[in-house]
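K.L.:
Below are the sequence and a predicted model; questions follow.
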Amino acid sequence: MNKPTNPTILFNKPYVDERVVESIRQVILAGKLSGDGVVCHEVEEQLKQLFNIKHVLLTTSCTHALEMAMMMLDLKPGDEVIVPSFTFVSTANAVLHAGGIPVFCEINPHTFTMDVNDVERKITSKTKALFPVHYAGVSAEMDEILELARKHRLVVVEDAAQGVNAKYKGKYLGGIGDIGAYSFHDTKNYVSGEGGALVTNNEHYARRGEILREKGTNRSNFLRGEVDKYTWVDCGSSYVLSDILAAVLKSQLEEIKEIQTRRREIHNLYVSGLNDLGQKEKLRLPIIPGYCESNYHIFCILLRDEAERNRALAKLKERGVRTTFHYVPLHSSPYALKELGTKNIQLPVTDEVAGTLLRLPIYPHLTDEEVRFVIEQVHEVLKD
């Protein structure tokens with residue numbers, strides 16, 4: 001196959017069309033660009049309706065939504081929160097910022113989400129919460145996680161940064177545990193450039209979240225006419241999303257079915273085009289369990305070892321295809337080794353997945369021709 005017209009197939013490209021431009025234009029003409037405005041409220045209602053969640057608070061990032069969630073737990077010194085090591089640093093940072101200690105657990109070798117058996121082994125009298133991270137649009141085993149939480153009286157906070165519009169047994173991710181967090185970063189399926197949301201079906205957490213998001217004030221109560229003035233009532237920060245960024249997201253959500261459909265099509269093209277390499281055990285294709293409805297956020301393959309993964313990454317770049325690895329496990333990071341004393345933690349599945357995983361381009365602007373070109377180049381690189 002000849003190389004597509006574009007000289008390089010990018011790893012990621014956010015979905016942007018004329019509808020996005022018009023949405024931003026309307027906000028500018030309306031003359032209000034700051035946070036928690038009319039468009040923010042419209043988008044929050046969109047998200048509630050789309051994902052059947054009672055309370056949605058748009059935030060400046062998923063990182064900030066995670067931090068707010070941990071702040072709500074009122075952690076004391078020495079309190080522990082169990083998190084997978086195979087996650088973005090924001091998950092662990094949220095625990096640390098709230099005064100807790102992240103305890104790193106192993107991942108399931110099929111879904112790359114937290115291993116519930118290892119989680120149970122690591123629950124102690126100091127454990128206050130479980131922090132499942134949904135990976136690549138594939139959900140953690142939420143029934144088992146919720147059962148552990150009930151048994152040990154723990155809070156469940158879902159890091160659903162990669163789980164927007166994905167489901168576990170018919171339920172949308174983010175709204176299954178006590179609190180959830182979404183990401184609308186430039187790299188996600190539905191974007192605002194930078195942005196996130198704290199979501200919950202719990203009235204108490206929603207009201208606390210409003211206060212934390214508004215610098216620790218009861219401004220939201222004031223705007224609803226519930227108090228005659230607003231004042232400082234808690235320790236918070238400024239986490240409200242601007243109407244301009246909300247406008248970008250609004251236009252994306254209006255095309256949510258089209259975006260999801262195109263990502264599924266690309267995923268299926270990859271699966272059919274690379275299946276022969278999977279049968280020859282040259283790579284492992286992604287696994288989507290029957291209980292999960294994926295949003296196809298990531299298409300990743302596992303190669304035989306880290307050296308082959310790194311070689312494939314370099315060779316594909318030479319051939320005009322940008323790919324990438326993913327997380328460096330947090331338990332082996334310089335900060336964790338120095339500050340959290342994680343040197344002796346053994347998480348072999350996490351280490352193996354992190355060392356062999358390669359992510360291929362997947363985004364709506366990719367053409368079928370480009371996807372077939374990527375498939376061909378993967379075959380060429382792995383043929384030896």
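P.N.:
Nice, I can see it. Numbers count the residues shown, from 1 in each chain.
K.L.:
can you pull out the strands in the protein?
P.N.:
Ranges of strands in the chain, per DSSP state E, are 55-59, 80-84, 101-105, 127-130, 155-159, 167-168, 171-172, 179-183, 196-200, 292-293, 299-302, 357-360.
K.L.:
For residue 239, which of those is the nearest?
P.N.:
Nearest to residue 239 among the strands of the chain is strand 55-59 (4.6 Å), distances taken as C-beta to C-beta. For glycine as for every other residue, the C-beta is placed from the backbone atoms N, C-alpha and C.
K.L.:
Sheet partners, orientation included, of that closest one?
P.N.:
Using DSSP bridges, strand 55-59 pairs in its sheet with strand 196-200 (antiparallel).
K.L.:
Pull out the buried positions in the strand it pairs with.
P.N.:
Buried residues in strand 196-200, counted by 16 or more other C-beta atoms under 10 Å: 196, 197, 198, 199, 200.
K.L.:
send the alpha carbons of that strand over as PDB?
P.N.:
Extracted in PDB, the C-alpha atoms of strand 196-200 (Å, rounded to 0.1, in the frame of the first residue of the first chain):
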ATOM      1  CA  GLY A 196     -13.000  17.600  33.600                       C
ATOM      2  CA  ALA A 197     -16.000  16.900  35.800                       C
ATOM      3  CA  LEU A 198     -16.800  15.600  39.200                       C
ATOM      4  CA  VAL A 199     -19.900  13.300  39.100                       C
ATOM      5  CA  THR A 200     -21.900  11.700  41.800                       C
END
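K.L.:
still on that earlier bit, among the buried residues of strand 196-200, which two are most distant?
P.N.:
Checked with C-beta to C-beta, the buried residues of strand 196-200 reach their widest spread between 196 and 200, with 13.6 Å between them.
K.L.:
Find residues that contact each of these two.
P.N.:
Among the neighbours of residue 196, none is also in contact with residue 200 (C-beta atoms under 8 Å, 6 or more residues apart in numbering).
K.L.:
For this structure, which residue occupies the most central location?
P.N.:
Nearest to the geometric centre of the chain sits residue 161, at 1.9 Å (C-alpha atoms, centre = their mean).
K.L.:
what domains does the record give for this protein?
P.N.:
By the assignment in automatic domain parsing, the chain contains the domains 18-253, 256-382.
K.L.:
of all those domains, which lies closest to residue 10?
P.N.:
Residue 10 sits nearest to domain 256-382 of all the domains of the chain, at 5.5 Å, using C-beta to C-beta.
K.L.:
Pull the distance from the closest one to the chain's centre.
P.N.:
Between the centre of domain 256-382 and the centre of its chain there are 16 Å (C-alpha atoms, centre = their mean, to the nearest Å).
K.L.:
so where's the stretch 251-384 of the chain uncertain?
P.N.:
The model of the stretch 251-384 of the chain has pLDDT under 70 over residues 384.
K.L.:
what's the longest helix in the chain?
P.N.:
What stands out as the longest helix in the chain, according to DSSP state H, is helix 256-279.
K.L.:
For that one, name the packing helices and strands.
P.N.:
On a contact count with 3 or more C-beta pairs under 8 Å, 6 or more residues apart in numbering; DSSP states H and E, helix 256-279 meets strand 299-302, helix 368-382.
K.L.:
which of those sits most buried?
P.N.:
Neighbour counts (mean count of other C-beta atoms under 10 Å) averaged over each of those peak at strand 299-302, with a mean of 22.
K.L.:
Run through who's touching that strand.
P.N.:
By C-beta under 8 Å, 6+ apart, the residues outside strand 299-302 that reach it are 136, 266-267, 270, 274, 283-286, 326, 353, 356-360, 362, 378.
K.L.:
same deal with stretch 247-254?
P.N.:
Residues from elsewhere that reach stretch 247-254 (C-beta under 8 Å, 6+ apart): 15, 17, 19-20, 22-24, 26-27, 39, 42-43, 46-47, 50, 184, 190-193, 195, 259.
K.L.:
ok, back up a step: for the domains of the chain, give me CSV that also has distance to residue 11.
P.N.:
CSV is the format used below for the domains of the chain (distance: least, C-beta to C-beta, whole Å):
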stretch, distance to residue 11
domain 18-253, 9
domain 256-382, 4
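K.L.:
Of the ones you listed, which stretch is the most buried?
P.N.:
Of all those, domain 18-253 has the most neighbours on average by mean count of other C-beta under 10 Å, namely a mean of 21.
K.L.:
Now do the helices in the protein.
P.N.:
Per DSSP H, the chain carries helices over the ranges 18-30, 38-51, 62-72, 89-97, 116-122, 142-152, 203-213, 219-223, 243-253, 256-279, 306-318, 334-335, 348-356, 368-382.
K.L.:
So for residue 78, which of these sits nearest?
P.N.:
Ranking the helices of the chain by their distance to residue 78 (criterion: C-beta to C-beta) puts helix 89-97 first, at 12.3 Å.
K.L.:
Give me the angle between the closest one and strand 80-84.
P.N.:
170 degrees (axes from the mean of the first three to the mean of the last three C-alpha atoms, to 10 degrees).
K.L.:
Need the contact partners of helix 89-97.
P.N.:
Contact partners of helix 89-97, identified using C-beta under 8 Å, 6+ apart, comprise 62-63, 66-67, 69-71, 75, 81, 83-84, 101-102, 104, 131, 133, 159, 161, 330, 333, 336.
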